[in-house]
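Asks: predicted model, plus sequence, below.
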Amino acid sequence: MTVVIADPAHVDVVNAAPSASSQRRGRTAGSPVTLPVALGVPVVVWQAVFFAAPLVFLIVITFWQVRSFRLEPAFVFDNWQRVLGSGTFHQALLHTLTVAATTTVLALVLAFPAAYTIALRLPQRLRDLAVALLVVPVFSSYMLRIYAWQIVLSPEGMTNSALSLLGIGPLPLLGGAFSLQVGLLTLTLPIAVLILTFALSGVDKTLIEAAENMGYRRSRVIAHVLAPAVRPALVLAATTTFLLAFGDYVSPTFMTGSKPPTLANLIVDTVKSGSQWPRASVIGVSMLAVLALVFGLGRWLASRGRK
Amino acid sequence: MNTTSTTRLSRTLQYAFVAALFVFIAAPMLVIVVFSFDANRFPAIPWGGFSLEWHRATLADDMVIDAFKNSVTVGLGTAVLSTLLGFAAAYIDYRWRFRGKSSFVLLVAIPPAVPVTILGMAMLAFLSRAGLFGRTETIMACHVAIATSFSMAIIRLRLGELGTDLEQAAWNLGASPVRALLQVVVPFCKPALIASFFLSAAVSFDEFMIAWFVGGVHETLPVRILNLLQGQVNPKINAIGTVVLVISITLVLVAQRFVGVKAGKHS
């Protein structure tokens, strides 16, 4: 990731007329460049040191070596060869891709009808309430909610203890693809529904009415009017869901006991188990490459609709 | 069946689907809160009766209390700093055009899009070399790098509603750009600044991966929970979880109170 630091020499004030007066009177501000630089430098430095530099360093150490348990600067491709050539990595990559793709499809299939109802059927007050309630889980307590699903789904947990009162079970609810998707949908569904609700609320109602007046059935209105109109939002919801599911550590760890491990599991295991930093970094950088590809694909899909 | 009753049935199904979705989202939170008051050691049905045992045990746990204090420190610091940096970034984006501007905005906006597992590992690798590993200030600094993205977004939205004429009027009346900024722009952005403060605090209060990687022995509350989860079944988790839920939901709701998120046009 490259960082282009804004060159202060090229700062020019958009509002040309006031800039003259600010030059004349701006004793506190000094030259017109002082204020933007004073505001911008802390932001750039902070993001560079605590965000961009760590990621650049992550790429750098993929070429470093571990000698007698110590990380040493080098320029070798050994880490890349070992990780990209290992069966464990291939399996984890395939598994993570499959899981994230499944979550993406499920999230879109579930989120679209929900967003449709919230955006086009609910009265304004209820729509506002629904949006407000959907924002809460995006910013709170994901890990706790996964723990709650553990309680609900585990062999001695809520569902099975309730079922055993009826003489059924115990059902193996926890520890498979089902529980993993429950966990990942807990993470992704609120965001997917929000993105689609915003997009569908913005669709021109007269378009829908026109299609209905022409005798289109609702399914055709959705397929030929609504879906094309919100296509960029569908792509955004899909890429966001994929990104979150692909990188998540909590659901695979606590819903399946990292069996089989995802790439995020591999990273944490490699880092926590000792000094194999370069290999963990290779996995991390590979994940970022996959996500960059997915975003590229998303942009292409979103722009293809705009002719 | 005639068309109206088909429509009515279809509407009912649609509403039921949305209701089911909200149950799916809310149920886990309710489970945590309800079972934190359950006398059973392992949450199960039937309920074991009302008990405050786990809440009391939590209050007596020094590691939890320390983690809570760390979370509050980190959360407050993150809230203040990311609101300041987010305002600076949003104002620069609103006010000036310069070469590299899109890179500048991207540098602030993109951190939440990088999976925290990768970001946490990268931050640990880089910052431990700088001797910053295992400090609460480091957790805070890393949280700021992520939360500033949300602050910038909220404040930039508000700035979009500020016409150019108000600030220009202040300049014409002789205010320096700094004075106009402090006396016109900042007061105008006040609701967004407050919302940004609470939302950044929520982002920090909820984050565990980065805090886990760079914090070392200094655990925040979510990290404490993560470590408890990896151990044996511990009924205290529900009690800690209830506190965490109440705090983080309150932070997000307060943020929304100041900058309402609304879908669609409002009359």
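Replies: All right, it came through fine.

Asks: got a list of what residue 43 touches?
Replies: With no chain named, the answer covers chain A. By Cβ atoms under 8 Å, 6 or more residues apart in numbering or on different chains, the contact set of A:Val43 is B:Leu85, B:Ala88, B:Ala89, B:Ile92, B:Phe104, B:Val108, B:Thr148. All C-beta atoms are positioned from the backbone trio N, CA, C, and that covers glycine.

Asks: try chain B instead
Replies: B:Pro43 touches A:Ile151, A:Gly157, A:Met158, B:Val31, B:Phe35, B:Pro235, B:Asn238, counting by Cβ under 8 Å, 6+ apart.

Asks: how about the nearest residue to the third one, chain neighbours excluded?
Replies: Counting by Cβ to Cβ, 6 or more residues apart in numbering or on different chains, A:Met158 lies nearest to A:Val152, which is 4.8 Å off, once chain neighbours are set aside.

Asks: burial check on whatever residue of the stretch 101-250 of chain A ends up closest to chain B, number of neighbours?
Replies: When you check the stretch 101-250 of chain A against chain B by Cβ to the nearest Cβ, the closest residue turns out to be A:Gly247, at 2.5 Å. Residues near A:Gly247, counting by other Cβ atoms under 10 Å in any protein chain shown, number 26.

Asks: quick one: pLDDT of B:Ser51?
Replies: On pLDDT, B:Ser51 comes in at 81.

Asks: need the contact list for A:Val76.
Replies: Counting by Cβ under 8 Å, 6+ apart, A:Val76 makes contact with A:Phe63, A:Trp64, A:Gln65.

Asks: sorry, back to before: pretty sure the residue of the stretch 101-250 of chain A closest to chain B contacts A:Leu288?
Replies: No. In this structure, A:Gly247 is not within contact of A:Leu288 by Cβ atoms under 8 Å, at 9.3 Å.

Asks: okay, and the common contacts of these two?
Replies: Common neighbours of A:Gly247 and A:Leu288, counting by Cβ under 8 Å, 6+ apart, are B:Val114, B:Ile118.

Asks: rewinding a little: what's the helix or strand for the residue nearest to A:Met158?
Replies: Assigned by DSSP states H and E, A:Val152 belongs to helix A:142-153.

Asks: before we move on, the earlier item: and the contacts of A:Val43, which are buried?
Replies: Buried members of these, scored by 16 or more other Cβ atoms under 10 Å in any protein chain shown, are B:Leu85, B:Ala88, B:Ala89, B:Ile92, B:Phe104, B:Val108, B:Thr148.

Asks: which residues touch the helix or strand hosting the fifth one?
Replies: Which is B:Phe104. According to DSSP H and E, B:Phe104 maps onto helix B:101-109. With contact meaning Cβ under 8 Å, 6+ apart, helix B:101-109 is reached by A:3-4, A:6, A:40, A:43-44, A:47-48, A:51-52, B:85-86, B:89, B:92-93, B:98, B:148-149, B:152-153.

Asks: now that helix: buried residues?
Replies: B:Lys101, B:Phe104, B:Val105, B:Leu107, B:Val108, B:Ala109.

Asks: walking through the stretch 1-150 of chain B, point out its helices one by one.
Replies: B:3-36, B:53-59, B:62-95, B:101-109, B:116-129, B:136-159 (DSSP state H, counting those that start in this stretch).

Asks: does the longest helix along chain A reach chain B?
Replies: In chain A, assigned by DSSP state H, the helix with the most residues is helix A:87-120. Yes. Counting by Cβ under 8 Å from any Cβ of the partner chain, chain B is contacted by helix A:87-120 at A:Leu110, A:Pro113, A:Ala114, A:Tyr116, A:Thr117, A:Ile118, A:Ala119.

Asks: please name the nearest non-neighbouring residue to the last one.
Replies: For A:Ala119, the nearest residue in space outside its immediate sequence neighbours is A:Leu200; the separation is 3.6 Å by Cβ to Cβ, 6+ apart.

Asks: my reading is that the one you found lies in a helix. Confirm?
Replies: Yes. Counting by DSSP: H, G, I helix; E, B strand; the rest coil, A:Leu200 is located in a helix.

Asks: thinking it is in contact with A:Leu226, fair?
Replies: Yes. Using Cβ under 8 Å, A:Leu200 makes contact with A:Leu226 at a distance of 6.8 Å.

Asks: output the below-cut-off pLDDT ranges for the chain.
Replies: If you meant another chain, say so; for now it's chain A. When residues are selected by pLDDT under 70, those of chain A lie in A:1-31, A:305-307.

Asks: hmm, no, I was thinking of chain B.
Replies: For chain B, residues meeting the criterion pLDDT under 70 lie at B:1-3, B:45, B:264-267.
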